[in-house]
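Peer 1: How does the following fold in three dimensions:
(chains A and B)
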2 protein chains.
Amino acid sequence: VARIGVDLGGTKIYGVVVDGVEVLATAKRKTPREATPDEVIHRIVRVVEDLGGVEGIESIGVGAPGPVDASGTVLVAPNLTGWDGPVPLAALLAQSLHRPVTVENDVSAATFAEHRAGAARGVADVLGVWVGTGVGGGLVIGGRLVRGERGGAAEIGHMAVRPGGRRCGCGGSGHLEAYAGRAGMEAEARRRHAAGEPTQLVEEAGDRRITSRVWADALAAGDVVATEIVAEGAEMLAVALASAAALVDMTAVVIGGGLAERLGDPWREEVARRLGDLSFGPPPSVVAAVLGDPGGALGAALLAG
Amino acid sequence: VARIGVDLGGTKIYGVVVDGVEVLATAKRKTPREATPDEVIHRIVRVVEDLGGVEGIESIGVGAPGPVDASGTVLVAPNLTGWDGPVPLAALLAQSLHRPVTVENDVSAATFAEHRAGAARGVADVLGVWVGTGVGGGLVIGGRLVRGERGGAAEIGHMAVRPGGRRCGCGGSGHLEAYAGRAGMEAEARRRHAAGEPTQLVEEAGDRRITSRVWADALAAGDVVATEIVAEGAEMLAVALASAAALVDMTAVVIGGGLAERLGDPWREEVARRLGDLSFGPPPSVVAAVLGDPGGALGAALLAG
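Peer 2: Down below sits the predicted model:
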């Protein structure tokens, strides 16, 4: 039976038609600039039409960029306009599409796809870590996605890796995301630059965002500040993964996301090496996500009821 | 149908006959002083005989003080003599008792019992924390015990709460157990006493173990070193619980174990208060284990196939 999966991102909406784990068709459109719930729903319906509509489609799964509760309500989505409160996305889309709709967190969906059809295929216990502007997670235990009754599971970016340490965007202190996410790393680079340490990160980016490419360039050039901040982020990620392994003993860690892709294999191998040093038991393998753009949409389809 | 559950501890072997979650009979014997695998198996068989034998018993579950793999082999049990390598306890007991035998970690079994019939009854996602000489854990997600493929799950005592911090008995650094377990707290008290800080902990215990009762007495007397060490342990436990909640979003934490019982409600409420301050999402409730001695044996019976 065919299903449709949709990955709703801050910049694009990616849709797939799948049969089992096979992707039969794909379509994508830009996320509306004014990404209000109404506009987003209209745009998702357009992507579904691009895919041939709902004729012959049993159900639809959506991955959304925020925490999602059991009813498919997105609790908050900082990257979308006006989603600063709960949006009952599953219910609204089901009305428009006349099919059952399931909504899950986007990183959870991408992790589930890697578990079923990607880098962690055949592995029952998998932790996914998506390293980009922030650090998102997905957790599969015994082949089932772990959501938490309140939809709050797999928030690895908010594990406490250094009590009393760097302030996190969420208001907490010492969370992983403040050390290993692009935004937290940028804040630290600007702090050190303002304190008088020269770094091409700020010199190259100026007032614009320090992109993943700028980070990779600075590392390649041997920039000291960039090297130290990236190394500290890798160490903190390894600490979080070691704690996660002590708690759930996952067999594999799948790492994806824009910054992780840009930093590439040497960085991932460095994380794995540090994790090996820190682990209480046998460390999990650390592998790169392989499904790319369709992964989140495929996972959402696989999770659709 | 009736089952037998056995809790194999370092000092006693506790057995129960259960029907569903109801305990029909109990029996206990001391753990043999020379607790070799052969001696322990003979003693468990005696406890089963005390309970009326295996007539009418469908299966037997055992909780063991160490990590256990999926085949019921105890990988290591530091509190038992000569269990420094794997012991295929389930297979050996099945030969002696002529019934199917399931072996699980003892804290996992006790946590499962609290989930099914105790302090966290009706809660699907529960983390159990047993605070004694060390800090053990048990994890139930969606009503199922999380074991890990290699039997290494729920080792909350070895979550990294302070990278580069106190040395743990396992060789790692900054693990929770080094701050919140009795042995780690004793090591810190003796270090501070040797460095010239007066404390009734060492004055009262001398060269003997600083027992949970000695800790409680020192706290009651306002001993500064004891107060600071216990407060730091509570803070580190809260950090570990906040990280665990970010990862699995458990709804409840059940706290048991000898030291936790001795420190009582005020200490547990202090842990809950700090956890509330540190939590990314809504914090889990923190409740005391209620099943007492039969809990581990009951849980082992409930987990028996």
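Peer 1: where along chain A do the helices fall?
Peer 2: A:37-50, A:89-97, A:106-117, A:176-180, A:182-194, A:200-205, A:212-220, A:224-248, A:258-278, A:294-303 (DSSP state H).
Peer 1: Compare the ones you listed and give me the one nearest residue B:152.
Peer 2: Smallest distance to residue B:152 across those (C-beta to C-beta): 7.5 Å, for helix A:224-248. C-betas here are computed from N, CA, C, even on glycine.
Peer 1: close to chain B, is that closest one?
Peer 2: Yes: residues of helix A:224-248 are located near chain B by C-beta under 8 Å from any C-beta of the partner chain, namely A:235, A:236, A:239, A:240, A:242, A:243, A:244, A:245, A:246, A:247, A:248.
Peer 1: Near the first one, how many other residues are there?
Peer 2: A total of 22 residues lie near residue A:235 under the criterion other C-beta atoms under 10 Å in any protein chain shown.
Peer 1: my read: it touches residue A:275, true?
Peer 2: No: because the distance of 9.9 Å does not satisfy C-beta atoms under 8 Å, residue A:235 is recorded as not touching residue A:275.
Peer 1: follow-up on the earlier one: show me which of the residues of helix A:224-248 next to chain B is closest to residue B:110.
Peer 2: Closest to residue B:110 out of the residues of helix A:224-248 next to chain B is residue A:247 (17.1 Å), distances taken as C-beta to C-beta.
Peer 1: residues contacting the residue lying closest to the closest one once chain neighbours are set aside?
Peer 2: Taking C-beta to C-beta, 6 or more residues apart in numbering or on different chains, and ignoring the residues beside it in sequence, residue A:247 has residue B:244 as its nearest neighbour in space, at 5.6 Å. For residue B:244, the set of contacting residues under the criterion of C-beta atoms under 8 Å, 6 or more residues apart in numbering or on different chains consists of A:247, B:127, B:156, B:159, B:250.
Peer 1: can you give me phi and psi for residue A:249?
Peer 2: Reported as degrees, to the nearest 10, the phi and psi values for residue A:249 are phi 50, psi 50.
Peer 1: how much space between it and residue B:67?
Peer 2: 9 Å (C-beta to C-beta, to the nearest Å).
Peer 1: Quickly list what's touching both of the two.
Peer 2: Common contact partners of residue A:249 and residue B:67 (C-beta under 8 Å, 6+ apart): A:281, B:151, B:152, B:155.
Peer 1: so residue A:114 touches residue A:298, yeah?
Peer 2: No: assessed by C-beta under 8 Å, residue A:114 is found out of contact with residue A:298, at 9.4 Å.
Peer 1: Which one's more surrounded, the two?
Peer 2: With neighbours defined as other C-beta under 10 Å, residue A:114 and residue A:298 compare such that residue A:298 has more, 31 against 28.
Peer 1: check contacts around that one.
Peer 2: In this structure, residue A:298 makes contact with A:5, A:16, A:18, A:21, A:23, A:113, A:117, A:291, judged by C-beta under 8 Å, 6+ apart.
Peer 1: run the last query once more with 10 Å
Peer 2: Each residue near residue A:298 by C-beta atoms under 10 Å, 6 or more residues apart in numbering or on different chains is listed here: A:3, A:5, A:7, A:14, A:16, A:18, A:21-23, A:26, A:61, A:63, A:109-110, A:112-114, A:116-118, A:291.
Peer 1: what's the answer for residue A:74, then?
Peer 2: With C-beta under 10 Å, 6+ apart, residue A:74 has these contacts: A:8, A:37, A:40, A:62, A:64-68, A:80, A:83, A:85-90, A:103, A:105, A:151.
Peer 1: Dig out what it forms beta bridges with.
Peer 2: Beta-bridge pairing for residue A:74 (DSSP bridges): residue A:68, residue A:87.
Peer 1: Would you check how far apart the nearest residue in space to residue A:186 that is not next to it in sequence and chain B are?
Peer 2: The spatially closest residue to residue A:186, leaving aside those adjacent along the chain, is residue A:210, at 4.5 Å (C-beta to C-beta, 6+ apart). Residue A:210 sits 25 Å away from chain B, going by C-beta to the nearest C-beta, to the nearest Å.
Peer 1: give me the number of residues near residue A:179?
Peer 2: Other residues near residue A:179 come to 26 when the count uses other C-beta under 10 Å.
Peer 1: My read is that it contacts residue A:173, right?
Peer 2: No: look at residue A:179 against residue A:173 with C-beta atoms under 10 Å: they stay out of range, at 11.4 Å.
Peer 1: No further queries at this time; thank you.
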